[in-house]
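> Got a sequence here, can you build the structure:
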Amino acid sequence: MPKTPTKTRTVTAVRSSPYSSPTKNSTTPRGEVFPVPSYAWNPSTPTKSPRKTASMSTSPSKRGSSSTNSPRTPRAGNPVDYKFNFGKHKGKSISEVPWSYIRWCIDEGVVANRLDLKVAVEEFQKQKRLGSTSSSPRKTQTTTALRASTSTAAAEPLLSIDQRRAQLKQTISEWLYDECLAVLEAGEYDFMMSNSQLRERTLERLEKLEKMAKSDFPKQYPLRPPATYTLPESSKSVKELRRVLSKCPNVCGSFRDPTEEEKKYLVFHSDGFSGKEWYTISEDYEATIKRCLKDVEKEHGMGARQIANWEVRDKYAKCISGINYAGGGKNFCEYYQFVDDSTHWLQT
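Predicted structure coming up:
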């Protein structure tokens, strides 16, 4: 018999770039001008063809052995039938347990490691969304408890704290995550808090970062060059830029008054209504920095200019003002959001 020609599967490989970003704003305003090194790439793994189903003529013994060798995911039942077999609520059904305990199991990764519990919690949330109730009289008490659970149970994801943190770092740049987290942690002390209080504080910070990631705040930043791309140390224009930046006074979060020499580079501001006081750099000092940036561009090109812009931004954020978690609206406490006073250096 002639052989039947086999079908071939075409796999398309995509070369990854060190500047790829999951955010929408993945390109610089002036375009990507950095040299891109070559990286090894791996083609995507082709999916396996579905296994042929066994015919109905297979003997019962063979059907039984095949089902034993391929375990299946347990079927989701009614959540009121699930019984905890661990912890302080051992023996209780899922509807008899407070949602705070279920939330703890989710945050600590217990639900992710117990498939039967995960299926039960998913079905529990499904019933909360649909508002379903049990028609059996013997389950009236558990159905009432199911209805009395917190309203947030139906919408919360089944992701642990570590999973949510990893997902967040994939959504925004890691440097932005670190700076925003440092702002939330500034001035807070955890050594007098219990484990439950520490977990609640961690969740509170995580929710603020997740809200920030969904806003337009991350979109204002152009693509940040990798740490391996640096300015030439021996360059005359680079040396002059760093000499000028070294004169920038550090007044960010400082409780001391600037010296007379430092005041030459600063401008003091105050708001009589809110009582807020802050510093900016003087116009002459800002013009000097911008002139140094232009000299770097003339000597080394636009790629070096973009690296220099980030170096100036980081210096300004560290010494003058960078990312803050500030209040807005009525009396500056109607809402809170992240703001950054150093982004204008990235657009120069």
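
> how near is the residue lying closest to residue 220 once chain neighbours are set aside to residue 240?
Once flanking residues are discounted, residue 220 sits nearest to residue 343: 5.4 Å by C-beta to C-beta, 6 or more residues apart in numbering. Yep, even glycine has a C-beta here, placed from its N, CA and C like the rest. Distance of residue 343 to residue 240, given as C-beta to C-beta, to the nearest Å: 24 Å.

> Show me where the stretch 101-250 of the chain has its helices.
110-113, 115-130, 140-148, 161-171, 174-185, 195-214, 236-245 (DSSP state H, counting those that start in this stretch).

> Which of those helices has the lowest mean pLDDT?
For the helices of the stretch 101-250 of the chain, mean pLDDT drops lowest on helix 140-148, to a mean of 45.

> Let's see the pLDDT reported for the closest residue to residue 179 other than its chain neighbours.
Spatial nearest neighbour of residue 179, chain neighbours left out: residue 323 (5.1 Å); criterion: C-beta to C-beta, 6+ apart. Confidence at residue 323, expressed as pLDDT, is 95.

> Repeat that for residue 260.
You'll see residue 260 listed with a pLDDT of 89.

> wait, is it part of a helix?
No. When the secondary structure is assigned by DSSP: H, G, I helix; E, B strand; the rest coil, residue 260 falls in coil instead of a helix.

> The residue nearest to residue 179 and residue 339 touch, don't they?
Yes. Residue 323 is in contact with residue 339 according to C-beta atoms under 8 Å; the separation is 7.3 Å.

> out of those two, which sits in the busier spot?
Between residue 323 and residue 339, residue 323 has the larger neighbour count (other C-beta atoms under 10 Å), namely 19 against 14.

> ok, what's across the strand from the more buried one?
Listed by DSSP bridges, the beta-bridge partners for residue 323 are residue 340.

> related to what we said a few turns ago, could you pull up the contacting residues of the residue nearest to residue 179?
Taking C-beta atoms under 8 Å, 6 or more residues apart in numbering, we find residue 323 in contact with 179-180, 183, 317, 338-340, 342.

> Please apply the same query to residue 163.
109, 112.

> That one and residue 241, how far apart?
From residue 163 to residue 241 the distance is 42 Å (C-beta to C-beta).

> Residue 342 too?
For residue 342, the distance to residue 241 - C-beta to C-beta - is 16 Å.

> between the two, who's got more neighbours?
Ranked by neighbour count (other C-beta under 10 Å), residue 342 and residue 241 place residue 241 first, with 23 against 18.

> neighbours of the closest residue to that one other than its chain neighbours, just the number please.
In space, and not counting its chain neighbours, residue 241 is closest to residue 292: 4.0 Å by C-beta to C-beta, 6+ apart. Applying other C-beta under 10 Å, we find 21 residues neighbouring residue 292.

> In this structure residue 292 contacts residue 240, no?
Yes. Residue 292 is within contact range of residue 240, at 5.5 Å (criterion: C-beta under 8 Å).

> What distance do you get for residue 85 to residue 92?
Residue 85 is 10 Å from residue 92, where distance means C-beta to C-beta.

> Check residue 161 too.
24 Å.

> Please enumerate the strands of this structure.
For the chain, the strands defined by DSSP state E cover 266-270, 277-281, 323-328, 335-340.

> Pipe these into a markdown table and attach distance to residue 206 per row.
Shown next, in a markdown table, are those (distance: least, C-beta to C-beta, whole Å):
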| stretch | distance to residue 206 |
| --- | --- |
| strand 266-270 | 33 |
| strand 277-281 | 29 |
| strand 323-328 | 14 |
| strand 335-340 | 14 |
